[in-house]
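Pasting the sequence and the predicted coordinates here, then a few questions.
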Number of protein chains: 2
Amino acid sequence: MESGPKIEATLERAVDQATAPPCPPRLREAIRYALFPGGGRVRPSLCLAVATALSEVTPSLALSSAVAIELLHSASLVQDDLPCFDDASLRRGRETLHRRYDEATAILVGDAMIVLAFQTVAAHIPQSPGAAGTILAVLATAAGVPGGIAAGQAWESESCVDVSAYHHAKTAALFEAAAVAGAVSAGAASEGWRRMGGLLGQAYQIADDLADLVGEAADLGKPTQQDRLKSRPSLATDLGTGMAIERLDALVAQAIAAIPACRGRGKMEAFLSQTATRLCPPHLRRLRAEPQGVAIRT
Amino acid sequence: MESGPKIEATLERAVDQATAPPCPPRLREAIRYALFPGGGRVRPSLCLAVATALSEVTPSLALSSAVAIELLHSASLVQDDLPCFDDASLRRGRETLHRRYDEATAILVGDAMIVLAFQTVAAHIPQSPGAAGTILAVLATAAGVPGGIAAGQAWESESCVDVSAYHHAKTAALFEAAAVAGAVSAGAASEGWRRMGGLLGQAYQIADDLADLVGEAADLGKPTQQDRLKSRPSLATDLGTGMAIERLDALVAQAIAAIPACRGRGKMEAFLSQTATRLCPPHLRRLRAEPQGVAIRT
């Protein structure tokens, strides 16, 4: 089975179990709304790509880690859309969760998904205490404080922003965690994979800033120009689109060069290249050569 | 050292570590605002009371579990106060967190505390994989879906409320978890302690409903009459104050009778009795004999 259907099936199972009775029915529906249909599932796919580059059989702990990472990411999206954050009306081409349901439900969906992320990995402690324990610590680092997603979102409320800490916490931390969890669940050392994941995370951040600056809301399924409207740091604005695309390409090349020794190096390279193409599709890439790419900078 | 100072010291250490640089400074301050000075610390005290009734030395896992339980409880209070839930302005006699900071910060403080709760217990996996794994599962059950705090709060948004599931999820589940975590960290079987914790949790729910119905905002440090204003189920309203106090006393007596065999039975009994006195202080208890106690029912 390809990694995409495996991720969906494992996520379905985890959510079914967590939202069985006595779960309040509206909350169950809202949790499903947050998760299905999903977005690109980039982070869980990264986790599985690393695990299968190292191990012939996909470890069940890698699947649970992938699901946990998607749950943490989805929780952050639901929160990001709330009126007190981005006040967004559209996500993945349809109403944001708090518009479809209400703010209280959106906050509780976030809580429930964060808890379920840890619960899903903790279920592996009896079989794999060492690896599951390491992955739980890695997930907590990527999701909480001092340097995870909660910290990343909080930098947007600070009067003086540490831009590098902001970008690392908001995006790269979970990419690092995805790569590390994949490696640890396959019994491998994690440091090289952390570096590779972090580089892909930095590339993703640039792609996200580019999409916000020059993408089309209809293609993205969400509003654009949010960084400018909310005065948030944007590498695409700082560098200009042309240089931003060059930086993105350089980061992907560095990520490929950083792949640690493994049995599936070719497949891992292919995964990173395909991800880069998805992150920066041809119509964005054309801007690199065109002067208006830079003009958009202002 | 008494359990109170031990809880404060362990909580301080966990929070210091989690909010060290690069934590955004305003988020660090807000997390501390949510936790210090604390409220009654009833749940972590229950966890430690159970552990010390079973073990001469307080297990460090019991201390971490107690802190995790307080973190989950505090996260639920910060959220409960938000405009989309209770819209409360006062908590523990001062501004609620979102009034002092802002809504975004309050939501992120909640996330950070939930993550830190799991991180604190997961740190014990290398030394005590079995017990830490069980406690992580217990915490997730008490905090998430289908029957933990997130589910409990969500019942308030449902058109048709399962009152028993609501009360269990919103209050009793975390009391059960506190008692079970205390027992498991001391290496004991958990079922009897779960029952005892659940009975104390039910007593606490009645005390909370009573305080809301007939207490004084100045004594409680928060607004009263919220159940009536928000049309929420209230056992104090349903039973009348006199019968509610009788039910509370009966539940505490049942909890005392349910204490499983242990070396510190006397101390455990004393803890439950003292907690009951704190939950239902003499000025509330006087209402039991007075007809106006029942008159408040309408």
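Yep, that arrived.

At which residues are the strands of the stretch 1-150 of chain A located?
A:90-91, A:94-95 (DSSP state E, counting those that start in this stretch).

Show the contacting residues for the most centrally placed residue in chain A.
The centroid of chain A falls nearest to A:R43 when counting by C-alpha atoms, centre = their mean (4.8 Å). A:R43 makes contact with A:66, A:69-70, A:73, A:174-175, A:178, according to C-beta atoms under 8 Å, 6 or more residues apart in numbering or on different chains. Yep, even glycine has a C-beta here, placed from its N, CA and C like the rest.

Between the residues you listed, which sits nearest A:G152?
Closest approach to A:G152 among the contacts of A:R43 (C-beta to C-beta): A:L174, at 9.2 Å.

picking that back up, what's the most buried one of the strands of the stretch 1-150 of chain A?
Ranked by average neighbour count under the criterion mean count of other C-beta atoms under 10 Å in any protein chain shown, these are headed by strand A:90-91 at a mean of 19.

Check which helices and strands that strand sits against.
Under the contact definition 3 or more C-beta pairs under 8 Å, 6 or more residues apart in numbering or on different chains; DSSP states H and E, strand A:90-91 sits against no other helix or strand.

pLDDT (mean, whole number) over that strand?
Taken as a whole, strand A:90-91 carries a mean pLDDT of 95.

biggest helix in chain A by residues?
What stands out as the longest helix in chain A, according to DSSP state H, is helix A:191-214.

Any part of stretch A:220-235 near chain B?
No - shown here: stretch A:220-235 not in contact with chain B (C-beta under 8 Å from any C-beta of the partner chain), separated by at least 11.7 Å.

what distance separates the start and the end of that stretch?
19 Å (C-alpha to C-alpha, to the nearest Å).

got it, and stretch A:222-230?
15 Å.

Give me the buried positions along it.
A:222, A:224, A:226-227 (16 or more other C-beta atoms under 10 Å in any protein chain shown).

what mean pLDDT does that stretch have?
The predicted confidence, averaged over stretch A:222-230, sits at 89.

where along the stretch 51-200 of chain A do the helices fall?
A:60-80, A:97-100, A:103-122, A:129-143, A:149-155, A:163-167, A:173-185, A:191-214 (DSSP state H, counting those that start in this stretch).

tell me the mean pLDDT for the first one?
Right, helix A:60-80. Rounded mean pLDDT across helix A:60-80 is 98.

quick one, that helix and helix A:103-122 angle?
Here the directions of helix A:60-80 and helix A:103-122 differ by 160 degrees (axes from the mean of the first three to the mean of the last three C-alpha atoms, to 10 degrees).

Helix A:60-80 and chain B in contact?
Yes - counting by C-beta under 8 Å from any C-beta, chain B has neighbours in helix A:60-80: A:75, A:79.

Any buried residues in that helix, and which?
Taking 16+ other C-beta under 10 Å as the criterion, helix A:60-80 shows A:61-80 as buried.

The closest residue in space to A:A165 that isn't next to it in sequence: neighbour count?
Ranked by C-beta to C-beta, 6 or more residues apart in numbering or on different chains and with sequence neighbours excluded, the top spatial neighbour of A:A165 is B:P22, at 4.3 Å. B:P22 has 16 neighbouring residues, counting by other C-beta atoms under 10 Å in any protein chain shown.

before we move on, what about A:I31?
28.

same check, this time on A:Q17
A:Q17 - counted by other C-beta under 10 Å - has 14 other residues nearby.

Surely A:A75 touches A:L108?
No - here A:A75 lies out of contact with A:L108, judged by C-beta atoms under 8 Å, at a distance of 10.6 Å.

List the contacts of the closest residue in space to A:A177 that isn't next to it in sequence.
Leaving aside its sequence neighbours, A:A177 sits nearest to A:A142 (C-beta to C-beta, 6+ apart; 3.7 Å). Residues in contact with A:A142, defined by C-beta under 8 Å, 6+ apart, are A:69, A:72, A:148-149, A:173-174, A:176-177.

chain center to stretch A:23-40, what's the gap?
18 Å (C-alpha atoms, centre = their mean, to the nearest Å).

That one near chain B at all?
Yes - Stretch A:23-40 reaches chain B (C-beta under 8 Å from any C-beta) through A:23-28, A:31.

buried stuff in that stretch?
Neighbour-count burial for stretch A:23-40 [16+ other C-beta under 10 Å]: A:23-24, A:26-28, A:30-31, A:33-35, A:38.

Among those residues, which pair sits farthest apart?
A:P24 and A:G38 (22.8 Å).

A:A53 and A:A270 touch, don't they?
No - in terms of C-beta under 8 Å, A:A53 does not count as a neighbour of A:A270; the distance is 10.3 Å.

neighbour-wise, which of the two wins?
A:A53 (23 against 13).

measure that one to A:L272 for me?
Separation of A:A53 from A:L272 (C-beta to C-beta, to the nearest Å): 11 Å.

Could you name every residue contacting both of those two?
In contact with both A:A53 and A:L272: A:I259, using C-beta under 8 Å, 6+ apart.

which sections of chain A are below the confidence cut-off?
Scanning chain A for pLDDT under 70 picks out the ranges A:1, A:287-298.

Repeat the analysis, applying 90 as the threshold.
Applying pLDDT under 90 to chain A flags the ranges A:1-3, A:157, A:159, A:161-164, A:215-223, A:226-235, A:276-298.

rewinding a little: got JSON lines for the helices of the stretch 51-200 of chain A, with distance to B:L248 too?
Converted to JSON lines, the helices of the stretch 51-200 of chain A look like this (distance: least, C-beta to C-beta, whole Å):
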{"stretch": "helix A:60-80", "distance to B:L248": "37"}
{"stretch": "helix A:97-100", "distance to B:L248": "38"}
{"stretch": "helix A:103-122", "distance to B:L248": "28"}
{"stretch": "helix A:129-143", "distance to B:L248": "38"}
{"stretch": "helix A:149-155", "distance to B:L248": "38"}
{"stretch": "helix A:163-167", "distance to B:L248": "49"}
{"stretch": "helix A:173-185", "distance to B:L248": "46"}
{"stretch": "helix A:191-214", "distance to B:L248": "53"}
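
now, of the ones you listed, which is deepest in the fold?
It is helix A:173-185: most buried of these by mean count of other C-beta under 10 Å, with a mean of 30.

Can I get it as PDB, trimmed to CA atoms?
C-alpha atoms of helix A:173-185 as PDB (Å, rounded to 0.1, in the frame of the first residue of the first chain):
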ATOM      1  CA  ALA A 173      10.000  22.300  14.300                       C
ATOM      2  CA  LEU A 174       7.200  19.900  13.100                       C
ATOM      3  CA  PHE A 175       9.100  19.000   9.900                       C
ATOM      4  CA  GLU A 176      12.100  18.100  12.100                       C
ATOM      5  CA  ALA A 177       9.800  16.100  14.400                       C
ATOM      6  CA  ALA A 178       8.300  14.200  11.400                       C
ATOM      7  CA  ALA A 179      11.700  13.200  10.100                       C
ATOM      8  CA  VAL A 180      13.100  12.300  13.600                       C
ATOM      9  CA  ALA A 181       9.900  10.200  14.400                       C
ATOM     10  CA  GLY A 182      10.300   8.300  11.200                       C
ATOM     11  CA  ALA A 183      14.000   7.500  11.900                       C
ATOM     12  CA  VAL A 184      13.400   6.600  15.600                       C
ATOM     13  CA  SER A 185      10.500   4.400  14.800                       C
END
